[in-house]
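Peer 1: below is the sequence, then the predicted model.
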Amino acid sequence: MWRFVPQTLMLTLLGTIAIAAEPHWAFRELRRPVPPIVTANGLPADGPRNSIDAFIRVRLSMEKLVPSPPADRSTLVRRTTLELIGLPPSPDEVEEFLAETRPDAFERLVDRLQASPQSGERWARSWLDLCHYGDSDGHLTDQLRPVAWRYRDWVTRMWNDNLPFDQFTLRQLAGDLLVPPGQTDPLDVILGTGFLRQTLSNREGGADLEEYRVAQVVDRTSMIGAIWLGLTVGCARCHDHKYDPLSQAEFFQLYSYFDNADEVNIDAPVPGEAADYVRARAEYDRRRQAILEPVHAELDELQRRWEANCLHAAAHPGQDHVWDRQWELLGLIWGGNLGEGQLEGCAIVRRPWPNRTRRQQQDLLDYFLGRGSIVDEKRFAELKLSAVQKQLADLKAEFPRAFPTRAPVIQTALNPRQTYLHERGDFRSRGTDVTAGTPGWLPSSPEQDQTRLSLARWLVSPQNPLTGRVTVNRLWQEFFGRGLVATSDDFGTRGDPPSHPELLDWLASEFVGGGWDVKRIQRIIVCSATYRQSSRPREDLMSVDPDNVWLARQASLRISAEAVRDSALQVSGLLSTKFGGPSVYPPQHERVTMEAFGSNVWKASAGEDRFRRGLYTFIQRTSPFAQSIIFDAPVPLDVCTRRDRSNSPLQALTLLNDPVFAELAEGLAGRIVREAGPADEDRIPFAIRLCLGRTAEPAEVERLQQFLADCRRRDTSRCWTNLASVLLNLHEFITRD
Amino acid sequence: MNETLATLHRRCFLEQAACGLGSVALARLMADESAHASPAPPLGSAAGAHFPARAKNVIFLFMAGAPSQYDLFEPKPKMQRLHGQPVPPSFLEGLSDSLIRGSARIWASPRQFQQYGECGMNFSDYLPHLATCADDLCMIRTMHTDVSNHDPAQLLMQCGVPRFGMPSMGSWVTYGLGSESQNLPGFIVLLSNNGPGDIAGTALWESAFLPATHRGVTFRSQGDPILHLGNLDGVTRADQRQRLDVINDLNRLRQRQQPDPEIGARIESYELAFRMQAAAPELVDFSQESRHTLSDYGIGNEKSDTFARNCLLARRMVERGVRFVQLYHYTWDDHSDLNAKLKENTDKTDQPAAALIQDLKQRGLLDDTLVIWGGEFGRTPMNEVRRGTSPGKEGRDHHPFAFTMLLAGGGVKGGQVFGRTDDIGYHPVEFPVHVHDLQATILHLLGMDHTRLTFRHQGRDHRLTDVAGEVVEQILG
């Protein structure tokens, strides 16, 4: 399988002088390094706990640096809880951990956190950054995708089930081609292909349908590059990659895997719908048939004519603008605002009648009745087809149970395309035909017949040197704020080399060899002494290691946009623990959505949906939730492998003045008053413990007492709300140390 | 108050005096530079300019949706003769644009044109006010772009590529030059808020991979200028100050336990937020403007009021050191009923845009301020047929091959018409100016070499002009 051609050989073949060039580090075969042996040498740090520490400490001693002492236990429990479930620990949880004397107390804490369904809610979000998940189409009209959440929930559930990463990969790239193993619910397999449905859709009038389909395929190809291979493959769309060995032909070989992956939505009943939908559907179909029976023959004839005209226009654009427009419209509006596959309508029309499924026939007929009268207005009127259309609509309304919740997935194209190279990256400039294949300078795929499934298998084969390295690096980045390879999206020759190459390879080997078990890798990382050390900045490190590359300490990191709001929800006692389901609209100013196209509205959810975790907030691509963006959540238009952590006045204004945070401050104040004793001396330390997970310092209590006294001189009613708001604004509240 | 808190308050004063947005941005920028191991010397202050600048500020009046050059700037007598006929095939050779429809017919503009100024620049009767600025304007007739759908073309104009994920021009400029304002963001976005419109959304003012402090901040001329700028109901400025003092004090106490420079930056962000709370309302308060100025801009006039307020705000912003002001007015996307709809938009924008240029000139600000007027592409010489036609309600489709933009001030030579198109304005025949050329020229005027204003991301040095762009030397004053 190892088909690597050393650069030396290639150069020789080209008749050039052979230079003993090593292949680029990231493309080298993954070998498991033996961790060095280190001993605790009387330093203030605690001893090494696992192999991570061995690698880190050897490097530290080379730099003549010493590790930091362990973080104090209240910092550690807050750090680990925020990291593993995205929420701060409750005072009880902190107490419990501090009181725990067993030597494996920390490991137990990690076990508990990893088993919590809230860990899926935290870690799904990181994966959604990668595939730029959104609840709308993007582009100008940015129509809604009301069932996009099916994929989001799938990611969360698979995380909580700790589905091995190789399976996680196969299902997302090719769940439709997999046979569900054993007892597995087939939906749990195919819904993974929602991953490929996170590309944008352009439904703007005049948009060239093929141009934007190609853009989606390019996006999918680029995602494979960035997420699994850590390579900027998109550069090779127009020309051979300037820095990495990827040629333009190889880009289109990768592209080819997705050229025949078409968008489609399927009936994917959620629990509670599954029971009687089949029966309801049979009854619905029968009644529908009865409505159509009287006009059946003539309707067929009209529809065939309409389809023929559409197909003629598609093949001969520019001849007749009326039919050009009919064809264009079919491609632009099919399933709009329902998040259905945009080009499915066109694909059905291209498909011979006998090959169409019942659902395809019904959907196309419904479309034709609504939009196709142009084929023969007179006959449409005579046959009273608008009345038929209305009857069908009424029937649909009568049978909601026949229509379970849909889900976005991928299917093999109904009408397969021949992939070709796009000269200069322009799909209109047809180059040579291309078949699917993996880059020649990486180990090859053993399978003859190359499908999306073989690509997925190749990505997670133990011989692939990149997937393991790239994935563990991203995990590492989440726990230290910086990857071992700082350019976590670029493992190519222009990316940064790893700070600890052997540690990276050791972790990757553990990951690949240990069954692609993500939670296990997380556990190894957080249980290391390196993770558990103090984050306190040290004067001796400031000049020699300002970026903390050598990890002589932990880092202080501002928590994510979602965690900022989720933490405030948690301490205010308002957080809803409802799991999954359609995306929700927490309150925000109407001006935010008006900054985009303007026809989408933001109607705040009622009840507990106001207080759901940030994971569930509706993501309108052209005007995403303002609080998220202000705290550096990515704008979901492109792959994001690492978020910025900015520190801006807009963040201050949000925490100070956003009515949402004011509401949470009120909730927090209510808890302080209700749950602590009546005296300020009880309440202030309680509030600090609740928000910061630690004991209050006397100076802090004193300063807050002074603040309360000042408040009371003005207005006694809002003092505790004001104090609560102060706590939600503290740097420490939005930071994990 | 004990000793601890007293010391804290003294430190607080010193920090406030020493730091503004520039320094926070600079600190972050330097941090990011080192993280990306970029070989280029760090930019981030005016010292980062590559050569002496002609312009210090930019006001970009973006006419989203694409105004029709044929009905505003480009009299084409030949089109009168070809009216109602198909486009001669010679114009269409080799074109593969998806919007070209064989069934479209030449539609001559029904507008009246006249020459203005000493330079004799042509304007239609829909732009009587801008016409009076003719001698200050540089009219580029040969702009061209790569794409013919709104949002990719808007992205190309603003971010240099017709795709998402690149920083906006305003982000590049503040990244390169820093901000001169201590109290306001360096890159501000003003929207006309005309309801539904053809505008690609927040991606147009994203900082993308540049540090987030360079993201455009949206601003309103009425109501709260910045999201969450106003105090909550019942909270006075004194209350807010008191709240800020305790937040900062507690942050400083924390800094003793955890001496993290980020805590200092957080305190600075809060102080800047507090200053913005005062500066922004002062900025949008027009009570010190003369009645004369207000009426010149068209404030109070029902049609032009919104855009006029944004134009006046833009002037007030550059006076206060805001580096890049981006206005969006939409939508000019007149596929049908162009005569009536175009009139609506020119009624809304003509007078304010002209007043802005004249006001800047009168105050001596026009030399330092580059004003740009234009959309993402132009419109076809043909009547639109995609959605059918009805006589009297003609419109024009999207046209990426040639369109018109206006520049004024900031080192640009006024009173000049640059470039020439063919008889029906289909293509440039002399001096074509690609969007990247315009961007290179804008950066040049600001003292920056577009090939050197780069940022390493995903292994590549990215720049606003992608891999192209030539400074249009001929239009420099």
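Peer 2: Sure, I can see it. Numbering: from 1, shown residues only, chains lettered A, B, ... in the order given.

Peer 1: could you use CA atoms for every contact and neighbour count after this?
Peer 2: Will do.

Peer 1: shouldn't B:M382 be within a helix?
Peer 2: No - assignment of B:M382 by DSSP: H, G, I helix; E, B strand; the rest coil gives strand, placing it outside any helix.

Peer 1: the residue nearest to it when sequence neighbours are not counted: neighbour count?
Peer 2: Of all residues not flanking B:M382 in the chain, B:I106 sits nearest, at 4.0 Å (CA to CA, 6 or more residues apart in numbering or on different chains). Per other CA atoms under 10 Å in any protein chain shown, the neighbour tally for B:I106 reads 22.

Peer 1: thought B:I106 was touching B:P88?
Peer 2: No - between B:I106 and B:P88 there is no contact under CA atoms under 8 Å: 9.4 Å.

Peer 1: got the residues of the stretch 401-550 of chain A near chain B?
Peer 2: Taking CA under 8 Å from any CA of the partner chain as the measure of proximity, the stretch 401-550 of chain A contacts chain B at A:428, A:486-487, A:489-490, A:492-495, A:536-537, A:547.

Peer 1: now for those: which two are most distant?
Peer 2: Using CA to CA, the pair of those lying farthest apart is A:R428 and A:R536, separated by 57.3 Å.

Peer 1: ok, these two, which is more surrounded?
Peer 2: A:R536 (19 against 13).

Peer 1: these two touch, right, that one and B:D260?
Peer 2: Yes - shown here, A:R536 and B:D260 form a contact pair, counting by CA under 8 Å, at 7.5 Å.

Peer 1: okay, and the common contacts of those two?
Peer 2: Between them, A:R536 and B:D260 share these contacting residues under CA atoms under 8 Å, 6 or more residues apart in numbering or on different chains: A:S556.

Peer 1: and the residue sitting nearest the centre point of chain A, what pLDDT?
Peer 2: Among the residues of chain A, the one closest to the centroid is A:L128, at 0.7 Å (CA atoms, centre = their mean). On pLDDT, A:L128 comes in at 98.

Peer 1: tell me which element it falls in.
Peer 2: helix A:117-130 (DSSP states H and E).

Peer 1: for that helix, packing partners?
Peer 2: In terms of contacts (3 or more CA pairs under 8 Å, 6 or more residues apart in numbering or on different chains; DSSP states H and E), helix A:117-130 is packed against helix A:73-85, helix A:149-160.

Peer 1: now the angle from that helix to helix A:73-85?
Peer 2: 60 degrees (axes from the mean of the first three to the mean of the last three CA atoms, to 10 degrees).

Peer 1: contacts for helix A:117-130 next, please.
Peer 2: Residues contacting helix A:117-130 (CA under 8 Å, 6+ apart): A:84-86, A:113, A:152, A:155-160, A:223, A:227, A:615, A:634, A:636, A:639-641.

Peer 1: and it, how far out from the chain middle?
Peer 2: Distance of helix A:117-130 from the chain centroid (CA atoms, centre = their mean, to the nearest Å) equals 7 Å.

Peer 1: got it, and stretch B:257-276?
Peer 2: Using CA atoms, centre = their mean, the offset of stretch B:257-276 from its chain centre is 30 Å.

Peer 1: mind listing the strands for the stretch 351-500 of chain A?
Peer 2: Using DSSP state E, counting those that start in this stretch, the strands assigned to the stretch 351-500 of chain A run over residues A:406-412, A:420-422, A:430-433.

Peer 1: which one, of those strands, ends up nearest to B:G264?
Peer 2: strand A:406-412 (46.5 Å).

Peer 1: need the contact list for A:E447.
Peer 2: A:S454.

Peer 1: now with 10 Å?
Peer 2: If you count contacts by CA atoms under 10 Å, 6 or more residues apart in numbering or on different chains, A:E447 has them with A:453-455, A:457-458.

Peer 1: and for A:F258?
Peer 2: Neighbours of A:F258 in contact, by CA under 10 Å, 6+ apart: A:173, A:196, A:214, A:216-221, A:252, A:410, A:412-413, A:419, A:436, A:451-452.

Peer 1: buried ones among these?
Peer 2: A:173, A:196, A:214, A:216-221, A:252, A:410, A:412-413, A:419, A:436, A:451-452 (16 or more other CA atoms under 10 Å in any protein chain shown).

Peer 1: let's see which of the residues you listed end up in helices.
Peer 2: A:173, A:214, A:216-221, A:252, A:452 (DSSP state H).

Peer 1: am I right that A:R203 is in a helix?
Peer 2: No - assigned with three-state DSSP, A:R203 falls outside any helix and is coil.
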